[in-house]
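In: Sequence and predicted model, in that order:
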Amino acid sequence: TDRNKAMAVLDAATSDRNPKLRAELRQKSLPTLIEMARWHFAGHAVMAFELVGRIAGLSDKETFDAWDKGQREAVIEKALRSGSK
């Protein structure tokens, strides 16, 4: 419950594509966000997945297209690689 409530706050905070905040989330929270993005219940996983997509540098449309196609791992891999640039 606490993590899902935090997702609502982070969703609003990252909606403007704040690069500093995205970098901090990548550095400090990416493993937790990835764990949540992999949750089986879609209603709990989707907001974390959206943040992982933003960290990966994807548009929300690209992220949700990947979600709809069942390509969560591709977005997660892109987010993991995004910090090595």
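Out: Structure's in. What do you need?
In: how about low-confidence regions in the protein?
Out: Across the chain, the ranges flagged by pLDDT under 70 are 1, 17, 84-85.
In: The residue nearest the centre of the chain: what's it in contact with?
Out: Nearest to the mean C-alpha position of the chain, by Cα atoms, centre = their mean, lies Val52 at 1.8 Å. Counting by Cβ atoms under 8 Å, 6 or more residues apart in numbering, Val52 touches Leu30, Leu33, Ile34, Ala37, Thr63, Val75, Ile76, Ala79. The C-beta positions use only the backbone N, C-alpha and C, and glycine is treated the same way.
In: From these, which land in helices?
Out: Of the contacts of Val52, the ones assigned to helices by DSSP state H are Leu30, Leu33, Ile34, Ala37, Thr63, Val75, Ile76, Ala79.
In: list the contacts for Thr63?
Out: Phe49, Glu50, Val52, Gly53, Arg54, Ala56, Val75.
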